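Enquirer: Let me see the structure of the following:
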Amino acid sequence: MQGALRRSLDAKYGSHHSVITTSKLLAGLPEQIPDLVERAFLSEAISCYRVGAYRAAIVMGWNLAFDHTLNWIISDSARVAAFNAAITKRYPKAKLTISTRSDFEELKEAEIVEICYTARLITKNVAEILREKLKRRNMAAHPSQVVITQHQADDLITDLVNNVVMLLM
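Expert: As a prediction, this is how the structure comes out:
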């Protein structure tokens, strides 16, 4: 019901400028992302966003940025070495070495962000963006009374795309 009303109002008055900006940002990304899995996450984020499924768009936007970050780390042996060295610095009891993409599954997403920051693979600002957006993703992904709006989806998607995906190319 709300989606139909929004579409009719958009047709009559035009879309809000933030919707146009975010849609253009998302639409321009596919040719810049060579990884097929990341493209699938992006495609789902775009589909969810366009139909007003903002919770789902937030989850898929996070998946895109997080998957991109893991691929970026594992694609360079120096980054992998720095990450591995930082694991025990950040978590002294950890007995893990990353050598394949699937090895990341042994860590929580928040731990990966902290290890990346400890390894100086990402800046303080990028780490803060990832921490903040992970919290927002968790709010969107788990059942709650929290209202998720288009503006929250705009913020998460544009922030992660501009400050993580495009930065870590």
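Enquirer: Could you list the low-pLDDT ranges of this structure?
Expert: 1-19 (pLDDT under 70).
Enquirer: Would you mind finding the longest helix in it?
Expert: If you go by DSSP state H, the chain has its longest helix at helix 54-74.
Enquirer: ok, and what's touching the one helix or strand Ile129 maps to?
Expert: Secondary structure here is read from DSSP states H and E; on that basis Ile129 sits in helix 124-141. Applying Cβ atoms under 8 Å, 6 or more residues apart in numbering, the contact partners of helix 124-141 are 54-55, 58-59, 61-62, 65, 69, 109-110, 113-114, 116-117, 122, 146, 148, 152, 156, 159-160, 163-164, 167. Placement of C-beta: from N, CA and C, glycine included.
Enquirer: Are any of those buried, and if so which?
Expert: The neighbour count (16 or more other Cβ atoms under 10 Å) marks 54-55, 58-59, 61-62, 65, 69, 109, 113-114, 116-117, 122, 148, 152, 156, 159-160, 163-164, 167 as buried among those.
Enquirer: OK, contacts around the spatially most central residue of the chain?
Expert: The centre of the chain sits closest to Trp62, judged by Cα atoms, centre = their mean, with a distance of 2.6 Å. Shown in contact with Trp62 (Cβ under 8 Å, 6+ apart): Lys133, Leu134, Arg136, Arg137, Leu156, Leu160.
Enquirer: ok, so what distance separates the last one from Glu38?
Expert: Spelled out, it's Leu160. Per Cβ to Cβ, to the nearest Å, Leu160 is found 12 Å from Glu38.
Enquirer: which neighbours do those two share?
Expert: Residues touching both Leu160 and Glu38 by Cβ under 8 Å, 6+ apart: Leu64.
Enquirer: What segments of the chain are helices?
Expert: Going by DSSP H, the chain shows helices at 2-13, 17-27, 36-50, 54-74, 77-90, 109-118, 124-141, 150-160.
Enquirer: Buried by neighbour count: which residues of the fifth one qualify?
Expert: The one in question is helix 77-90. Under the neighbour-count criterion of 16+ other Cβ under 10 Å, helix 77-90 has Arg79, Val80, Ala82, Phe83, Asn84, Ala86, Ile87 buried.
Enquirer: What sits closest to the fourth one if chain neighbours are left out?
Expert: By the measure of Cβ to Cβ, 6 or more residues apart in numbering, the closest residue to Phe83 outside its immediate chain neighbours is Ala119, 5.1 Å from it.
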